[in-house]
Every structure is written in C-alpha cells, then in structure tokens.
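J.: structure for this input, please:
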Amino acid sequence: MPTAQQIRQTFLDHFAKRGHTIVPSAPMVVKDDPTLMFTNAGMNQFKDLFLGNRPVTHPRIADTQKCLRVSGKHNDLEEVGIDTYHHTMFEMLGNWSFGDYFKQEAVQWAWELLVDTYKIDPATIYVTYFGGDAADKLEPDHETRDLWLKYLPADRVMPFSRKDNFWEMGDTGPCGPCTEIHVDVRSAEEKQARSGRELVNNDHPQVIEIWNNVFMQFERKADGALVPLPARHVDTGMGFERLCMVLQGKRSNYDTDVFQPLIQALAASCGKPYGQQEKTDIALRVAADHLRAIAFAIADGQLPSNTGAGYVIRRILRRAVRYGYSFLALHEPFIHALVPVLVKQMGGQFPELARQQELIGSVILEEERAFLRTLETGTGRLEQLVAESTGTLSGAKAFELFDTFGFPIDLTRLMAREHGLQVDMAGFEQELKKQKDRSRAATAITTGDWTEVAAGSTVFTGYDSLQAEARILRWRRVKDKAGDRFQLVLDRTPFYPEGGGQVGDQGWLIQAGKRVPVLDTKRENQLIVHFTAELPADPMAPLTAEVDGHRRRLTRRNHTATHLLHHALRRVLGKHVEQKGSLVAPDRLRFDISHFAKITPEELARVEAEVKEQIRADMPLEESRDTPMAQAKAMGAMALFGEKYGDKVRVIKFGESVELCGGTHAPRTGEIGDLRIVAEGALAAGIRRIEAITSEAAEAYVQQRLHTLEGLQDLLKHPADITAAVKQLLDQNAAMAKELEKAAHEKVAQLQHTMLDKAVTVPGARVVAQEVDLDANGMRDLAFRLKDANPDLLLVLGARQEGKALLAVMVGADLIAKGFAAPKLIKELAAEIKGGGGGQPFYATAGGKDPDGLPKALKKAVTLIG
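T.: You can find the predicted model right below:
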C-alpha cells in the first residue's frame with residue numbers, strides 16, 4: 001500500500017516526465033488579491049496568468065498546493081469532521097497548461113496516471129462532462145465526451161449541468177467547462193445492489209470526485225457575460241486526501257495515513273479509542289483536520305486575531321477546542337501537543353512547518369489557554385442567564401453566549417436542559433442571520449467590469465521618480481459602503497502599491513490643470529491599481545501621475561528604519577528573531593518578530609541605541625534589482641516565510657542589513673533623523689510587537705515630552721528632583737486612600753450591627769430595605785457580611801452616587817431554595833430608578849439615572865416576597 005508521501009511524489013514525477021516545471025506551493029494566506037483571504041484552489045496563484053496580467057515563463061506547471069476552504073462560496077466548515085471527505089486545509093495536486101496543451105493531453109495523461117501508474121481499477125471510474133447551458137448559449141462539450149469514450153463505456157461518461165461541470169472561481173473571473181473523475185470505492189455487494197452511476201454527484205461518501213480538469217476558455221464579467229480568454233488553458237485539481245483514500249483502500253479520508261497519526265496520538269492522550277463512538281470520532285476528526293489548517297496558516301504568517309483572516313483561523317481553532325471540551329473531556333490545552341506529529345508527517349514537503357514548529361506550538365497553546373478561560377467565563381454567564389430565565393432561554397441570550405464567549409449552541413442547549421430549560425432555537429437562528437447580514441453589508445463591494453482604453457502593461461517608475469507621464473490602460477467603477485470609487489491602471493506609474501507592510505502611495509493624476517486625488521494604491525493580481533473618487537476628464541488623453549512627495553519621504557524613512565530595527569533586534573536578542581509582520585506608514589512603523597520572552601527595557605534601550613548609531617553612520621542604500629534568488633541568498637538576504645517571491649528579486653542593503661524587499665527606501669540612513677521605540681508587547685505567544693516613530697513624528701514626540709516635563713516643573717514649583725517630588729505626592733495619595741478605605745470598612749461594620757434592627761418580618765423571611773451612604777463596593781461588602789449568618793434575609797440597599805442611583809439585592813440561602821433569585825428581583829426594582837442590572841442568584845446590582853426613585857424602589861422591596 002503506497003504511503004501519502006509516495007502518492008504525492010508519484011503525481012509530481014508523472015507530470016515532470018511530461019515537460020512540466022514543478023513549483024512549490026504558494027502561501028495559503030493570500031496577500032495581493034482583494035477577493036480572497038486564503039488560497040482556496042490550486043489555480044489561485046496562477047490567476048494573473050489566466051487573465052494575461054503576467055507573462056507566461058513556464059507553459060506547463062505542476063505542484064501540490066495547500067488550500068483552505070472555510071468561507072465565501074466554498075464554505076465547508078460545518079461539514080468538517082461530520083462526514084468523511086470535507087476538510088478545512090487540504091492539498092490540491094494540480095497540473096496546468098498556459099496556452100500550451102488542451103483537452104486531449106489532459107484527458108490522456110489523467111488516465112495514464114490513474115490507471116497505468118496508480119493502478120486504479122477502470123471499472124470503478126466514472127467521468128462527467130459539461131452538458132451545455134442555454135442561458136449562456138453554450139453547447140455540450142462533446143469533444144471531452146468523445147475523448148473519454150476511448151477509455152470508458154458510454155454509461156460511465158455522463159453529462160451534467162453548469163452547476164456541476166462549469167467551473168467558476170467566483171462571480172467574476174476565469175472559468176470554463178470541466179470534466180470530473182469520480183471513483184466508486186464501495187464494496188462489491190453495494191455495487192451489485194446499486195449502480196455507481198446513480199450516485200455520481202449525489203454526495204455519496206464512497207462515490208466521490210477525486211479530480212477536476214477545467215478547460216479555461218472564458219472570463220465571466222460583472223454583467224454575467226462570458227468573454228473568451230486571450231489563450232486557452234488547462235487547470236486541474238485533484239484532492240490529495242481523497243486520492244490517498246482510494247489508493248490505500250479506505251472508506252474515509254480520515255482512515256488514511258494523512259490523518260491517522262494525528263487521530264491516534266490524540267485518542268491515546270484522551271483515552272478514547274477511535275472507531276467506537278460517533279461523537280468521539282467526530283471530535284477526533286475535527287481536531288486532526290483543524291490542527292493542519294491552523295499550523296499552516298501560522299507558518300505562512302497569519303496569526304489568530306479578531307478580524308479578517310486571523311478571525312477565520314481563531315474560529316477554526318476554537319471549534320477544535322470546543323469539540324475536545326465537549327466530547328473528549330479535554331479541559332486543558334491539547335491541540336498544541338499534536339504539532340510534532342504533524343511536522344513529522346508533512347515537514348519534508350512543507351519545510352516551513354519544521355522551521356516554524358516552536359512558534360506554531362506556542363501560538364496554539366496560548367490560544368487554547370485563552371479560549372478555555374473564555375469557556376469558563378461563558379459557563380458562569382450561562383448559569384447567570386439560567387437564573388434569570390423561566391422555562392425557555394431566549395434566542396438572543398443563547399446568541400450572546402455564542403457570539404461573545406464562543407459557546408457552541410449544542411453545548412448551551414445541553415447545559416440549559418440540565419437546568420430544565422429549552423433554548424429558543426428560532427430566535428437564535430434569527431440573531432445569527434442578522435449578524436451574517438451585517439457582516440455581508442459591511443464588506444459588500446460591487447465591482448464593475450474593466451473598461452479597456454489601451455493595450456499594454458504597467459511600468460513601475462517609483463523607485464527612481466515621483467512623477468511620470470502616463471496613459472490610462474483600463475478603469476472600472478466600484479461601489480462599497482463609502483460610495484462610488486474608481487480604479488485605474490496606468491501604463492507608467494510612480495505610485496507604490498500597498499505591499500510588504502508598506503502602505504500604498506497617495507498623490508494626484510493631473511490632466512489639463514485639474515488634479516484628481518489618488519486616495520490609495522494597491523496591487524491586485526500583478527496589476528497596480530490607483531483608487532480615486534472621480535475619473536480624469538478625458539480617460540483617453542495623457543496625464544501626469546504625481547506621488548505626494550512629503551508623504552512618500554516619511555514612509556520610506558520608516559521602511560528603512562524597519563530594516564535597521566530588524567538587524568538590531570537580531571544582534572541584541574539573537575539570530576532566532578524573524579520578522580512576522582510589519583506596518584510602514586508615514587506617521588509610524590510597527591514591527592512584529594518571533595521571540596519567546598518579553599523584551600526587557602535594557603534590551604529595548606540597546607536596540608534603539610544600535611538603530612540610532614546606524615542612522616548617524618549615514619549609510620548609503622545599496623540596491624540590486626532583478627537579482628536571481630540564488631544570488632540574493634548568497635548575498636545573505638533574508639527570505640520571509642509566507643511571502644511569495646519570483647525568480648528575480650530586489651535586494652536592499654544598508655551596511656550589514658541585507659533583505660529581500662520591494663518597498664521604497666531612504667537614499668541614506670541619515671535621512672531618517674531619529675528613531676524612538678514607543679511601545680513593546682505581546683501580539684501572540686512567541687510574537688512580540690514593537691512600535692516606533694522616526695523623523696518628524698520622533699521630533700514631535702520629544703517636544704511633547706519636554707512640554708509635559710516643563711508643565712510638571714511649574715506645577716511642582718521647580719523642585720530640585722522632580723522624580724522624588726512626584727514620588728512623594730504618590731505616597732501621600734496612597735496613605736490618604738488607605739485612610740478612606742479604613743473609614744469605609746468601619747462604616748460597613750457599624751451598619752452590619754445595626755441593619756438587622758430595621759428588618760421587617762414577613763412569612764418565612766425578614767426584609768431589610770434601606771438607603772445607605774456607601775459606594776458599590778461598600779454595598780457588596782455589607783451584603784456579603786450578612787449573607788451566611790442570615791439565610792432567611794432579603795437585603796435591599798440603595799445609594800446615590802454622582803447624580804445616579806445604585807441598587808443591590810442579596811437573597812439568603814433559604815429564600816433561594818424557595819425559588820427567589822436576585823436577578824429577577826433587581827429587575828423589578830430597577831424600573832423605579834429607570835435602569836437595569838443583573839447578577840448571580842444570591843446577589844445582583846442595578847444602576848439607574850433617577851435617584852429620586854430610590855424611596856419607591858425600597859418600599860416596593862417589602863412586597864416582593866410577602
């Protein structure tokens with residue numbers, strides 16, 4: 001039985017022998033395509049080749065591409081682990097032809113690989129082809145059908161509609177008819193009982209598609225029209241995990257050696273064998289699958305966060321933790337412990353995993369710890385909501401648990417049921433839909449088709465000049481929440497597009513004396529796109545593209561400073577330090593590095609001093625453009641994981657600092673002027689973030705500090721030692737605070753001894769309702785002092801604080817046993833002070849804006865349990 005590694009290598013060897021260049025996987029995290037957060041198909045990195053935005057250097061290519069599908073059109077997340085063939089992260093084996101071979105070779109080579117090399121039984125193979133589409137005026141793909149009929153009988157060559165056999169990347173972009181290869185891995189008895197033909201494209205777990213050959217012929221425009229591409233291409237994708245299932249004779253992807261080492265390692269650690277209980281098996285599959293997605297994302301530079309791609313990764317990780325928490329009884333971090341198993345499996349093909357192993361494990365461990373703490377907090381909140389509810393937990397409250405605490409709805413339902421409550425699922429689904437609608441509305445962008453003005457490609461002149469005479473090549477209108485905008489592509493431009501952490505340039509497009517502001521510049525699939533609020537008056541006429549020189553100079557100083565900072569950090573902290581992210585803006589710079597300890601003030605001071613020394617040395621920029629990658633590495637240039645480099649790169653050198661970089665830089669380090677580190681902290685486990693300012697911002701920072709210092713000197717009457725004077729004031733303030741705290745405790749103690757004298761006796765209870773001169777902490781202190789010794793007591797306290805009202809309710813244990821709960825009682829009383837609140841069954845508080853309502857609230861308290 002072939003191993004997964006052997007299966008992968010056989011595929012690559014097969015196409016290498018047929019003239020294909022084998023290329024490495026592109027990063028899973030996408031950085032230069034606004035329509036994608038993650039690579040979700042093997043063709044993503046070649047999209048600009050299909051569109052003709054980049055010249056073809058290798059007409060035949062093959063690779064294995066790491067992909068992630070969890071959002072947008074390909075949203076498979078909720079199926080992962082439940083069935084046997086959906087995954088978040090997966091490998092896509094692919095071969096491509098860019099204007100070279102087409103359908104005949106693609107079909108022939110696919111058959112030779114599957115049948116002649118992999119030895120798949122031809123009797124188990126079914127293929128599909130495009131059956132035509134009247135709406136798009138497309139005829140059936142009889143050419144592909146006839147090619148397959150050379151190898152298979154007609155009953156196993158099946159036509160399907162556009163839905164199944166016309167592949168499209170999204171609403172717009174390259175597309176074309178496709179032919180899918182399906183394999184029936186059912187038992188002989190199952191095949192005898194029902195033909196595999198009936199199960200093709202019917203979501204049967206053992207009659208599955210393993211390979212899709214797409215024949216790229218068209219581009220889908222925003223208005224739905226299909227336009228022929230400049231050349232015809234082949235784009236194929238074979239699911240590696242599914243192929244392993246077929247070749248290893250398994251009935252599930254998770255039974256292959258791609259997943260079993262992870263599953264068995266986790267099963268052993270939690271003491272729950274795989275294959276005995278469905279819920280346990282699902283949880284083990286979820287954890288094994290999700291670890292892969294998380295680890296590869298971190299290796300490519302994407303850390304978990306609360307926004308964008310980082311939020312997707314955090315969501316995946318938390319789903320794995322929840323399944324372990326709920327079904328494997330794992331209440332301590334466990335996912336991070338599987339990282340060494342994954343690296344052993346896949347580190348050979350993907351060296352970024354091995355190199356980043358320590359970082360991946362540390363980030364996952366910290367994320368697990370944080371979310372387990374959140375789950376504990378959520379459990380407390382759920383208990384509070386249960387105490388406030390009768391019969392049914394509202395959908396809005398269940399959604400609060402889901403949205404704020406990451407509580408899975410099934411866990412909420414389980415815990416609510418233990419307290420005799422049902423969950424309003426219809427209300428929950430409604431709140432979930434509202435959130436999704438809000439999210440879609442916030443990110444909705446309507447993009448028009450390009451209006452082609454002239455043929456050609458863009459020449460970037462921004463390294464040498466801030467101004468260029470140019471013409472518009474194409475433009476389009478886009479609409480988002482900010483309104484109508486325009487995107488323009490020029491034949492020549494000095495505008496640097498956002499990339500490598502550096503923000504995009506701003507400036508003007510000048511035509512006939514009118515200046516059209518350029519609001520931003522970004523790169524999209526190798527196009528440099530200029531964003532404006534209006535079009536130049538005549539899109540056909542020449543114009544002058546002019547970058548905002550002052551803003552660019554500030555930005556380039558900060559970019560050069562990040563290189564100097566990186567070099568200094570490696571000198572001071574060690575060679576393990578690697579860049580993990582950056583922001584280079586005109587007013588500041590941000591630099592994220594791998595380092596597993598807090599950077600001490602002394603270390604930061606040494607780093608800052610080193611950078612200042614490099615600035616004073618006024619070192620010149622040494623730039624090497626179009627340098628072969630091997631030569632650049634020989635020069636000592638550092639390549640960053642998660643970045644996509646071409647065959648030729650740009651090397652930037654300042655003294656001993658040598659980096660691959662496409663950004664703009666100061667001609668000499670002296671131009672930076674000064675650098676001040678203003679913040680340092682943890683971004684994630686093993687990742688530190690440094691924030692700094694240079695040039696004008698650094699000067700303003702120093703001036704502001706001096707101004708503050710002079711102000712303090714004046715306030716303190718110019719003491720000889722201002723530090724000692726401030727310390728003396730702080731000591732005096734602390735002493736007075738202690739005296740106030742002591743007085744507050746004495747006041748509470750006095751009330752403790754006199755409060756019960758004013759109790760009103762009702763059947764089975766005593767009620768004390770009184771306004772007191774205490775703050776919220778004092779009220780809580782008094783209530784807790786009386787609670788244990790007075791189980792029959794209902795204590796209601798009111799207070800006035802800064803023009804507002806406070807209420808506190810304490811319910812004794814005997815009254816709780818009778819069904820009384822503080823949150824319900826406080827809710828009724830809070831209405832009298834025009835406020836609201838909540839709390840735990842025995843203690844709850846409320847605030848309100850009407851202190852004049854306190855007497856009425858206190859009077860009402862006596863009636864609540866009478």
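J.: CA only for contacts and neighbour counts going forward, please
T.: OK.
J.: can you show me the strands along the stretch 351-500 of the chain?
T.: Here the stretch 351-500 of the chain has its strands, by DSSP state E, counting those that start in this stretch, at 392-393, 422-423, 446-447, 451-452, 459-460, 467-470, 472-480, 483-490, 492-493.
J.: mind putting those strands into TSV with mean neighbour count, mean pLDDT and distance to residue 768?
T.: Putting those into TSV (neighbours: other C-alpha atoms under 10 Å; pLDDT from 0 to 100; distance: least, C-alpha to C-alpha, whole Å) gives the following:
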stretch	mean neighbour count	mean pLDDT	distance to residue 768
strand 392-393	20	90	31
strand 422-423	20	92	35
strand 446-447	15	80	63
strand 451-452	12	90	78
strand 459-460	16	96	79
strand 467-470	20	97	80
strand 472-480	19	91	59
strand 483-490	19	92	60
strand 492-493	24	98	78
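J.: JSON lines please, covering those and showing distance to residue 238.
T.: Below are the strands of the stretch 351-500 of the chain laid out as JSON lines (distance: least, C-alpha to C-alpha, whole Å):
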{"stretch": "strand 392-393", "distance to residue 238": "46"}
{"stretch": "strand 422-423", "distance to residue 238": "43"}
{"stretch": "strand 446-447", "distance to residue 238": "31"}
{"stretch": "strand 451-452", "distance to residue 238": "35"}
{"stretch": "strand 459-460", "distance to residue 238": "37"}
{"stretch": "strand 467-470", "distance to residue 238": "44"}
{"stretch": "strand 472-480", "distance to residue 238": "35"}
{"stretch": "strand 483-490", "distance to residue 238": "35"}
{"stretch": "strand 492-493", "distance to residue 238": "40"}
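J.: which one of the ones you listed lies closest to residue 570?
T.: Of all the strands of the stretch 351-500 of the chain, strand 459-460 sits nearest to residue 570, with 32.4 Å by C-alpha to C-alpha.
J.: which residues outside the closest one are in contact with it?
T.: 491-496 (C-alpha atoms under 8 Å, 6 or more residues apart in numbering).
J.: rerun that using 6 Å as the cut-off
T.: Applying C-alpha atoms under 6 Å, 6 or more residues apart in numbering, the contact partners of strand 459-460 are 492-494.
J.: quick one: pLDDT of residue 865?
T.: Looking at residue 865, its pLDDT reads 79.
J.: give the helix, strand or coil label for it.
T.: At residue 865 the chain is in coil, as set by DSSP: H, G, I helix; E, B strand; the rest coil.
J.: how many neighbouring residues does it have?
T.: 15 (other C-alpha atoms under 10 Å).
J.: cool, residue 201 as well?
T.: Residue 201: 15 neighbours (other C-alpha under 10 Å).
J.: contacting residues around the one residue sitting closest to the centre of the chain?
T.: When C-alpha atoms, centre = their mean is applied to the chain, the residue found nearest the centroid is residue 310 (1.9 Å). Counting by C-alpha under 6 Å, 6+ apart, residue 310 makes contact with 303-304.
J.: pLDDT score for it?
T.: pLDDT at residue 310 comes out at 88.
J.: from residue 83, how far out is it?
T.: Distance, residue 310 to residue 83, by C-alpha to C-alpha, to the nearest Å: 26 Å.
J.: so which of the strands of the stretch 351-500 of the chain comes closest to residue 162?
T.: Closest approach to residue 162 among the strands of the stretch 351-500 of the chain (C-alpha to C-alpha): strand 446-447, 23.5 Å.
J.: which neighbouring elements make contact with the closest one?
T.: Counting contacts by 3 or more C-alpha pairs under 6 Å, 6 or more residues apart in numbering; DSSP states H and E, strand 446-447 packs against strand 472-480.
J.: name the SS class of the residue nearest to residue 313 when sequence neighbours are not counted, please.
T.: Once flanking residues are discounted, residue 313 sits nearest to residue 304: 5.4 Å by C-alpha to C-alpha, 6 or more residues apart in numbering. Recorded secondary structure, residue 304: coil (three-state DSSP).
J.: burial measure for residue 304, as a count.
T.: So residue 304, with other C-alpha under 10 Å, has 24 neighbours.
J.: just the buried residues of the strand or helix carrying residue 743, please?
T.: Using DSSP states H and E, residue 743 sits within helix 722-754. Within helix 722-754, the residues scored as buried using 16 or more other C-alpha atoms under 10 Å are 744, 748, 752.
J.: report the mean confidence score over that helix.
T.: Computed over helix 722-754, the average pLDDT equals 89.
J.: could you list the paired strands of the next helix or strand after that helix along with their orientation?
T.: Heading C-terminal from helix 722-754, the first helix or strand you meet, by DSSP H and E, is strand 760-762. Applying DSSP bridges, strand 760-762 is found paired with strand 765-771 (antiparallel).
J.: which residues are in contact with the strand it pairs with?
T.: The contact list for strand 765-771 (C-alpha under 6 Å, 6+ apart) reads 759-760, 792-799, 858.
J.: just stretch 373-393 next, same as before
T.: Under C-alpha under 6 Å, 6+ apart, the answer for stretch 373-393 is 405, 421-423, 823-824, 840.
J.: neighbour-wise, which one of the residues you listed leads?
T.: Using other C-alpha under 10 Å as the neighbour criterion, residue 823 leads those with 27 neighbours.
J.: my guess is that one contacts residue 842. True?
T.: No. With contact defined as C-alpha atoms under 6 Å, residue 823 does not reach residue 842; the gap is 8.3 Å.
J.: re earlier: quick one: which of the strands of the stretch 351-500 of the chain is nearest residue 542?
T.: Evaluated with C-alpha to C-alpha, the strands of the stretch 351-500 of the chain place strand 467-470 nearest to residue 542, the distance being 5.8 Å.
J.: show me what the closest one is packed against.
T.: Using 3+ C-alpha pairs under 6 Å, 6+ apart, strand 467-470 sits against strand 543-547.
J.: check the offset of the strand it packs on from the chain's centre.
T.: Relative to its chain's centre, strand 543-547 lies at 36 Å (C-alpha atoms, centre = their mean, to the nearest Å).
J.: downstream neighbour of it in the secondary structure list?
T.: helix 549-573.
J.: which of the residues in that following helix are buried?
T.: 552-570, 573.
J.: could you measure from residue 167 over to residue 179?
T.: As for residue 167, its distance to residue 179 is 9 Å (criterion: C-alpha to C-alpha).
J.: more crowded one of those two?
T.: More crowded of residue 167 and residue 179, by other C-alpha under 10 Å: residue 179, with 29 against 20.
J.: what's the spacing between the closest residue to that one other than its chain neighbours and residue 108?
T.: Leaving out its chain neighbours, the residue that sits closest to residue 179 by C-alpha to C-alpha, 6+ apart is residue 129, at 4.6 Å. Between residue 129 and residue 108 the distance is 15 Å, computed by C-alpha to C-alpha.
J.: tell me if I'm right that the residue nearest to residue 179 and residue 159 touch.
T.: Yes. Under the criterion of C-alpha under 6 Å, residue 129 makes contact with residue 159 at 4.9 Å.
J.: who's more crowded, these two?
T.: Shown here are residue 129 and residue 159; by other C-alpha under 10 Å, residue 129 has more neighbours (27 against 19).
J.: re the thing from before, can you lay out the contacts of stretch 373-393 as CSV showing distance to residue 717?
T.: What follows is the contacts of stretch 373-393, written out as CSV (distance: C-alpha to C-alpha, whole Å):
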residue, distance to residue 717
405, 51
421, 66
422, 67
423, 65
823, 53
824, 56
840, 51
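J.: which of the residues you listed sit farthest apart?
T.: Spanning the widest gap among the contacts of stretch 373-393 are 405 and 824, at 23.2 Å by C-alpha to C-alpha.
J.: show me where the stretch 201-350 of the chain has helices.
T.: 240-247, 260-270, 278-299, 308-327, 339-346 (DSSP state H, counting those that start in this stretch).
J.: tabulate the ones you listed (a markdown table), appending distance to residue 669.
T.: Below are those laid out as a markdown table (distance: least, C-alpha to C-alpha, whole Å):
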| stretch | distance to residue 669 |
| --- | --- |
| helix 240-247 | 49 |
| helix 260-270 | 50 |
| helix 278-299 | 32 |
| helix 308-327 | 34 |
| helix 339-346 | 41 |
